[in-house]
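A.B. asks: return a 3D structure for these sequence lines:
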Amino acid sequence: MTINSGSEGVLAEYLGLLPATPESAALRQIVETGISVIMADEGSLLVMDADAGDLRFAMTVGSGDSEKNLLGQRVTIGSGITGLAAATRQVQVGAPVYKDVAQTERLSEGPESVIAAPVLLGELVVGVLTAVTFKKGRIFNSQEAFLYARFARLAALLVEQTRRLKVRGGDSPQARA
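C.D. replies: Alright, predicted model coming up:
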């Protein structure tokens, strides 16, 4: 697993989560715990780029190679399982075929199964949390999708709370105490 300034920059730009803060670390912990609970191989957070009208990979947990390769790549809203989760605001599960997202050589065949759960602030999509497995024959079920959706809601609560604290001047050390 890697944490690089690129992922922190994307998180700061689109979600307002500054690098090396407890909030940024907590978001990573949400993704790590989520993939652990459902026994996924990797998980990613894609954030909404409202200006471009697409999603952008901001964080991947599980493989440093995947994070380096995926970071900053874009997924069109409505395209594939991840884009469909953003478009419908509903959790999606399936066996994807990736045409637009470059994978590492090891993963060039793509995942066996994906869960994509929208990260919502009310009706506003701020991102999508994904979980993938590369194990042949492993397909995520509806219970795993339900559980992973809960982690997406936790991520949304973290983003919402961070934004509220900023509005109230919560970036100062006194406000955090």
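
A.B. asks: over to Pro111. Which of the three states is it?
C.D. replies: Following DSSP: H, G, I helix; E, B strand; the rest coil, we place Pro111 in the coil state.

A.B. asks: so what's it closest to, chain neighbours aside?
C.D. replies: Val132 (3.9 Å; CB to CB, 6 or more residues apart in numbering). C-beta: built from backbone N, CA, C; applies to glycine.

A.B. asks: where along this structure do the strands fall?
C.D. replies: Assigned strands in the chain, in chain order: 42-49, 54-61, 74-76, 92-94, 113-121, 124-133 (criterion: DSSP state E).

A.B. asks: mind listing what the first one pairs with, with the direction of each?
C.D. replies: The reference is to strand 42-49. Strand pairing for strand 42-49, using DSSP bridges, gives strand 54-61 (antiparallel), strand 124-133 (antiparallel).

A.B. asks: just give me the longest helix of the protein.
C.D. replies: Longest helix in the chain by number of residues (criterion: DSSP state H): helix 142-167.

A.B. asks: that one vs strand 113-121, what angle?
C.D. replies: 30 degrees (axes from the mean of the first three to the mean of the last three CA atoms, to 10 degrees).

A.B. asks: same question for helix 142-167, mean pLDDT?
C.D. replies: Mean pLDDT, helix 142-167: 91.

A.B. asks: end to end, how far does stretch 9-23 reach?
C.D. replies: Terminal residues of stretch 9-23 lie 14 Å apart, using CA to CA, to the nearest Å.

A.B. asks: assess the claim that Leu154 and Gln29 are in contact.
C.D. replies: No: using CB atoms under 8 Å, Leu154 makes no contact with Gln29, being 9.7 Å away.

A.B. asks: which of these two has more neighbours?
C.D. replies: Leu154 (19 against 14; other CB atoms under 10 Å).

A.B. asks: once you drop chain neighbours, what's closest to that one?
C.D. replies: Of all residues not flanking Leu154 in the chain, Ile30 sits nearest, at 5.2 Å (CB to CB, 6+ apart).
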